[in-house]
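>>> need a structure here:
(chains A and B)
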Amino acid sequence: SQTIHQWPATLVQPVGSPLSLECTVEGTSNPNLYWYRQAAGRGLQLLFYSVGIGQISSEVPQNLSASRPQDRQFILSSKKLLLSDSGFYLCAWSTGGANTGELFFGEGSRLTVL
Amino acid sequence: AQKVTQAQTEISVVEKEDVTLDCVYETRDTTYYLFWYKQPPSGELVFLIRRNSFDEQNEISGRYSWNFQKSTSSFNFTITASQVVDSAVYFCALSPMNRDDKIIFGKGTRLHILP
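Residues are numbered from 1 along each chain as shown, chains lettered A, B, ... in the order given. A predicted model of the protein is given here:
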């Protein structure tokens, strides 16, 4: 069966520090991968999605970046965190296109920027 | 433009009561998908249902039922005989069927089931 893991689960970082959140999927190949951010009271915002190794689409211009160095690995990074980067980050995968919708989510990573 | 509105930010009901979560959407696409996801306190979202825009039949799955009304652009979710384990944030979502474009989520409704 397929599983998705992301880490770390919680992170407290000072403003201006770097960030690296990692997500891996097991049990499937060539998944579509997504990073979402959930800020309090603002629902889910799609940040990045990837349909293959090295292929990243950015939805929201900001100081975050994503990379997909391997088929089932998706990394969210920042060189310098802002206070506004605080939130709950969710990685997800799907087998269909971005619109077909059954997304499988990881456990989430809660980031607090101080 | 696509938009999903969940007007109920937070709802509290007593266990065993029925509760309906509202979802209203806007889209210019003639064919689209609608979804509901559940986010329990543990954090990960869990897929509940996907409906196609050309299939307006209501769906029932155990204590869960969904009422899709294209005429009012609504896709409401009812939990019958609610249980404490139903406490979660519920998200309604929308995506175009014939374009490879992202899913748009509503802001979610936080549901509290009180014992």
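>>> neighbours around residue A:45, how many?
Residues contacting residue A:45 under the criterion other C-beta atoms under 10 Å in any protein chain shown number 14. For every residue, glycine as well, the C-beta is placed using N, CA and C.
>>> What distance do you get for it to residue A:56?
Note on residue A:45: its distance to residue A:56, by C-beta to C-beta, to the nearest Å, is 16 Å.
>>> For chain A, which segments count as strands?
Applying DSSP state E to chain A gives strands spanning A:3-7, A:10-13, A:19-26, A:32-38, A:44-52, A:55-58, A:64-70, A:73-78, A:87-94, A:104-105, A:109-113.
>>> make that chain B, sorry
B:3-5, B:10-14, B:19-21, B:24-26, B:32-39, B:46-52, B:59-61, B:64-69, B:74-79, B:88-96, B:104-105, B:109-114.
>>> chain center to the fourth one: distance?
Offset of strand B:24-26 from its chain centre (C-alpha atoms, centre = their mean, to the nearest Å): 11 Å.
>>> Look up which residues are beta-bridged to the spatially most central residue of chain A.
The residue lying closest to the centre of chain A (C-alpha atoms, centre = their mean) is residue A:35, at 2.8 Å. Residue A:35 has the following beta-bridge partners by DSSP bridges: residue A:48, residue A:91.
>>> Quick check, pLDDT for it.
pLDDT, residue A:35: 94.
>>> and chain B, which of its residues are near chain A?
Contact residues (C-beta under 8 Å from any C-beta of the partner chain) of chain B with chain A: B:9, B:33, B:35, B:37, B:42-47, B:50, B:91, B:93, B:95-97, B:99-103, B:105-108.
>>> same thing but 7 Å
Applying C-beta under 7 Å from any C-beta of the partner chain, we find that chain B lies next to chain A at B:33, B:35, B:42-45, B:47, B:50, B:91, B:95-97, B:99-103, B:105-108.
>>> List the contacts of residue 18.
Using chain A. Taking C-beta atoms under 7 Å, 6 or more residues apart in numbering or on different chains, we find residue A:18 in contact with A:78-79.
>>> oops, I was thinking of chain B
Counted by C-beta under 7 Å, 6+ apart, residue B:18 has contacts B:78-82.
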